[in-house]
Each structure stands twice: as C-alpha cells, then as structure tokens.
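[1] sequence and predicted structure, then a few things I'm wondering about:
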Amino acid sequence: MEPAATKKPWAVFLGVLLGLLFVSALGLQNPPLFRPLGLPQPLHADEAVQWSLAKELSEGVPYSTNADRFHGPTLALSLNAAAKLTGKSFTEMSESDLRSVAGCYLLLLSLAVLALPGVPLWPRLTAAAFCFLIGGGAPFGFYFVQEVLLVAGLAWGVVLWLRSEATDSPQGRGLWRLLSGLGFGFSLACKVTAAAYLLFFFVALMVVRRPWADRHLPGFLLGLVGSWVMFQSVGFTDVHGLLTWWQQLARSFGVASGRSEDTLTAVSYWPWIWAALWLTEFSLQRYLRERFVPFRASAADFILVFVGLIFAFHLVLPYKTPWLLYGVMALPLVLLLPAQLGGGWRKDSLLLIGLMVSAAYAAGDFADHSKTDRMSLRVFRERVEDLSDAYKEGKFYIAVEGGHYWPLPYYLRKYPVGYGDFPQAAKAPLRLIPATDASEPVVPGYAVSSLTLREGGDRYWVLVAKRYESIFIGK
C-alpha cells in the first residue's frame, strides 16, 4: 500500500479546506459535514428505539428479555456509560447527547486510519480528518444507530489484520491477530449482519490469494469469541443474551429474504446508486494509479473485493434500508483513501473534493429514509407542555392507544404515559389513537386534532379534554 512520496503535506489539508468551502457554497440541504455541529434534528425511529433500550437496561431489565433485543446491546451499554460519566438522567438527554455517543464511535472509526500499515503519516492524518468531517461518507455517522459501532469494529478488525500481515515477528503477528479478533467480535455483538461481513472478509482473502489459515488463526478466533461473549452478555451479566444472538441470526434469514413481516423493501434506489458510484470512484482511482499492476498484486484489490461483496450482498437481498450501506461508504475512506493520497496536492485536492461533493449530494437521499416530521413534532411538543402546565384537575398523564411509533417514548419522556389499554385511558386529559383512515373519531368530552410523525404514515388522532381545547388546538 505504498503511495507516491507525499509532496507539500500542507497542500493536502488545503485541498480538504477547499472542498469544505466548495460544498458549503453549493447550498446543499443538510450536507453531512454539518452533523457534528449538533444542529437540532428530531430522532429517527431507530434512534429512539436505542434510547428506550438503554433506559430499560439502566432500570434493570435484562437485554435478553427486551422486545427490541434484535438491535444488540452495545449501543445501549455505551449510552449507559455516557450517562454515568455525565451524570445526566435519561429524561434530560437531548438529541445531541445521544448523537455524541455515536460521534465517539465515528471518531474511533476515523482513528483506525492511523493504524494502517505501509502508508506515510500525512495521508493517514488527512484521511482520518476527512472521514470524520463527512460522517464516514453518509449522515448515519452522526445518528444514534448501531451501524456506526458495527463498522468501527469492522474497520479496526481489518486494519489490525493487515498489521499482522505486515509484521515479521511471530509474537507480534499473533498479538495483532488477537486484537483483530477483538474488533470483529465487537461487530458481531452489534448486529448479526456482521457474521456475513466476517465471511466475506475471508472470501476476499481467498480471492486475492492471501494466506489466512495459519498457526495464528486460533488466536484470532479466541479474541473474536471472547469479545463477542463479553459484549453480547452485557459484561457477562446476561448469559441468555448469547442465546438471543443465535435466535436473531435465525430470524434474520426470514427478514433478509423478504419472508418476514419485518422486511423493509427499498423506498428509493438512489442510496444504492450513490453507493455504486462511490465504489466506482475508488475502483477508478486504483486503475489510474496502478494500471500496470495485475489483479491480486495490489493491496487495494483485497479491500475492493471485500467491500464489493458487502454491497452485492445487500443489493441482491429484498431487505433494504440505507443503514445497510454505511459500511460500503465508510470502509473505503478508512482502508483505501490513505493509499490513494500522496500523489501531489493537485491530485489529492481533486480526489477529496470529488468525494466531498459525492457525499454531500448523496446525503439527502440517505437521510430522507423514514424521516421524522420536524415541524409537526415541534408544535406537538410545545402544545403538550402548555397543556401539562395548565392542567389543574389532578395528575397530568397521556394515554397512547393501539401501539406507538418509536419517537413517541422519547419525546413524551417527561410525562407519565400509558401505552395500550389500561383503566384510566378513557379519562386521560390527552389521548393518542393511531389514524388508520381519514374518519375523524367522535369521542364525548374530547376535541380532536391530528399528528403526523412521519410523511406517508404513522399518523395519530389527538384527543384533548374539551375544557382545555383552546390551549392545545386553538393555537
């Protein structure tokens, strides 16, 4: 992975700066480079699920018995650790507090670049800074979701494996393989999808004819199993969590193949098109810089095969959400970009600007997936607060009937809320009923308005006690 000698290292950073200014000048809506600034964005449903999982874990509910255990315990554990460090309760946590946890893992993902062997320091520093600035190539880098953790563990696992290959000492090689297994094991505890990624990793090694079944493999497996067991069992406190992982692996076959009610088909194929163009950019760079190097002779070929297999895997299966593409976007930034820098400031600047523009344009299509309606939610929160302050007829509480869309538990976290059927639901000062059609309900003693949490679905009828309708609906 030896690039050309780096010339004028400062010029590489100048290229990054030019790219940032160029994208900012385009006026693109919500480009990923602004995510670290903590701009107020309502939580996506999957983010709110993770908050609820962490909250219940902090209250002593075992992960293995939680209804949302298929998400894996690692992010919930991380949020609990952050809560103890900051002293913030779960009702005090803002969206920025949650996303700062994922931001730490994005930083960890970016720092994996610095451990990459055979690449000069300046290209590694530039690639690490660039990866963090653009959120790993997709806005998910600043979302409170598992994919950031999964890809961070995956990136470190691959980088440490490459370090083991570059080490001559048998003891050093064994140590790097052990540490590589720790990274892959952490990914496995994040999501069962990592099992497929691990398989593709070894397939890619075989495709490019790189040895892997040697005497250091047991050390790798020891690190992998040990790391997976520790995180999957919530620090060895929930042994049933290990069985849960296998249950979710079996469940994933039905979801991924389209035979489960939880299967999500593609709302738009634009994210997949962007991911294909993203891989094409890196493949083209490999050809332009190493056009006379035969296939399998370049270290870049191993990474391209590995990431290409991940992309093809998700492209073929019916289950499709843009979250699945985070590894496809982020891994080339960590594993390929450093080696493709160092060809002079002009080439480096053009490469970085091209990637920056691609990421910025793709961000809108990625971020539009199941987006929470910001304005509707903001107005609803303000009105609930006013109603709670004005209510003087006992304890204020909310009844949510017939289930709920996930952001609700987070955004109603400061109030007593009952979900489903319970005796006091019929007398609640504020009631939410899922709107299955356009027929407005008529309930004696209540005025009716509506709430849409997500465009195209998840709409509620909001019932307010009539004596308070001027406070809530009359605004």
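    Ah, there it is. Numbers count the residues shown, from 1 in each chain.

[2] tell me the contacts of Leu179?
    The contact partners of Leu179, by Cβ atoms under 8 Å, 6 or more residues apart in numbering, come to 160, 223. In this view, the C-beta of every residue, glycine as well, is placed from N, C-alpha and C.

[3] neighbours of Ser89, how many?
    When neighbours are defined as other Cβ atoms under 10 Å, Ser89 has 11 of them.

[4] any idea how far Gly103 is from it?
    20 Å (Cβ to Cβ, to the nearest Å).

[5] in the protein, which helix or strand is least confident?
    helix 9-26 (a mean of 53; mean pLDDT, DSSP states H and E).

[6] show me the strands in the protein, by range?
    Counting by DSSP state E, the chain has strands at residues 398-400, 417-419, 430-434, 446-454, 457-465.

[7] sketch out the low-pLDDT regions of the chain for me.
    1-40, 368-371, 373-375, 403, 405, 455-457, 473-475 (pLDDT under 70).

[8] counting by contacts, list what the longest helix along it packs against.
    Criterion DSSP state H: the longest helix present in the chain is helix 345-367. Packing contacts for helix 345-367, counted by 3 or more Cβ pairs under 8 Å, 6 or more residues apart in numbering; DSSP states H and E, involve helix 9-26, helix 121-133, helix 270-289, helix 326-335, helix 337-340.

[9] tilt between the longest one and helix 345-367?
    Put plainly, it is helix 270-289. Taking axes from the mean of the first three to the mean of the last three Cα atoms, to 10 degrees, helix 270-289 and helix 345-367 form an angle of 160 degrees between their directions.

[10] flag every buried residue along helix 270-289.
    By neighbour count on 16 or more other Cβ atoms under 10 Å, the buried set for helix 270-289 is 270-272, 274-275, 278-279, 282-283, 285-286, 289.

[11] among those residues, which one sits closest to Gly136?
    Trp278 (11.3 Å; Cβ to Cβ).

[12] surely Ala102 is in contact with Phe142?
    Yes: judged on Cβ atoms under 8 Å, Ala102 makes contact with Phe142 at a distance of 6.3 Å.

[13] chain center to the longest helix of the chain: distance?
    Here helix 345-367 shows a centroid-to-chain-centroid distance of 20 Å under the convention Cα atoms, centre = their mean, to the nearest Å.

[14] any buried residues in it, and which?
    Quick answer for helix 345-367 (16+ other Cβ under 10 Å): 345, 347-349, 351-353, 355-367.

[15] ok, stretch 205-218 next?
    Neighbour-count burial for stretch 205-218 [16+ other Cβ under 10 Å]: 205, 207-208, 210, 216.

[16] likewise stretch 308-318?
    Here stretch 308-318 shows 308-311, 313-315 as buried, counting by 16+ other Cβ under 10 Å.

[17] do stretch 432-442 as well
    Here stretch 432-442 shows 432-433, 435 as buried, counting by 16+ other Cβ under 10 Å.

[18] swap in stretch 123-142?
    In stretch 123-142, counting by 16+ other Cβ under 10 Å, buried: 123-128, 130-142.
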